[in-house]
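[1] Prediction below, plus the sequence it came from.
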Amino acid sequence: MGFVKVGTVDEVPQGASKLFEIEDKQVSVFNVGGTLYAVDDACPHRGASLGDGEHDGFEVQRPRHAARFDVRSGDVLAPLAQESVTTFSVRVQGNDIELDV
């Protein structure tokens, strides 16, 4: 599919996250130190929204069961999840956020 505009940089200030819907996918975008990272919003352990979870630096913690993931790689950092989450390449064009989906 290639890069698709999902929103603007202003929508995801530093330290924040925002959920975007792209066709049939929900993707959470995180702003860590001015760099944007995007992951599939659904936790592989029971599908809870990662965008609703707490995040500190590069780690996002699922709201329930405390599974944690690295937003840069999607890697599992703490159980209960057994699988990584999908990540998406992000680019900024002017003020637009584009994801490679």
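    Alright, I've got the coordinates.
[2] So in that sheet, which strands flank the helix or strand bottoming out on mean pLDDT in the chain, and in what orientation?
    Using mean pLDDT, DSSP states H and E, the weakest-scoring helix or strand in the chain turns out to be strand 54-56, at a mean of 86. Strand pairing for strand 54-56, using DSSP bridges, gives strand 59-61 (antiparallel).
[3] Now stretch 51-66: buried residues?
    For stretch 51-66, the neighbour count (16 or more other CB atoms under 10 Å) marks 51, 53, 55, 58, 59, 60, 61, 62 as buried. Yep, even glycine has a C-beta here, placed from its N, CA and C like the rest.
[4] and which of these is nearest residue 79?
    Nearest to residue 79 among the buried residues of stretch 51-66: residue 62, at 10.7 Å, using CB to CB.
[5] check contacts around the closest one.
    By CB atoms under 8 Å, 6 or more residues apart in numbering, the residues touching residue 62 are 43, 45, 48, 50, 53, 68, 69, 81.
[6] Could you tell me which of those belong to strands?
    68, 69 (DSSP state E).
[7] Just give me the least confident of the contacts of residue 62.
    The pLDDT minimum for the contacts of residue 62 sits at residue 45, where the score is 62.
[8] Give me the below-cutoff pLDDT ranges for this protein.
    Filtered on pLDDT under 70, the chain yields the residue ranges 45-47, 63-65.
[9] which stretches of it form helices?
    Secondary structure of the chain (DSSP state H): no helices located.
[10] Would you map the strands across this protein?
    3-8, 17-22, 25-32, 35-40, 54-56, 59-61, 68-70, 76-78, 87-93, 96-100.
[11] gap between the residue nearest to residue 100 when sequence neighbours are not counted and residue 27?
    In space, and not counting its chain neighbours, residue 100 is closest to residue 89: 4.0 Å by CB to CB, 6 or more residues apart in numbering. For residue 89, the distance to residue 27 equals 11 Å [CB to CB, to the nearest Å].
[12] Find the residues that touch each one of those two.
    In contact with both residue 89 and residue 27: 38, 99, using CB under 8 Å, 6+ apart.
[13] Compare those two and say which is more crowded by neighbours.
    More neighbours surround residue 27 than the other of residue 89 and residue 27, with 23 against 11 (other CB atoms under 10 Å).
[14] Sweet, I'm off.
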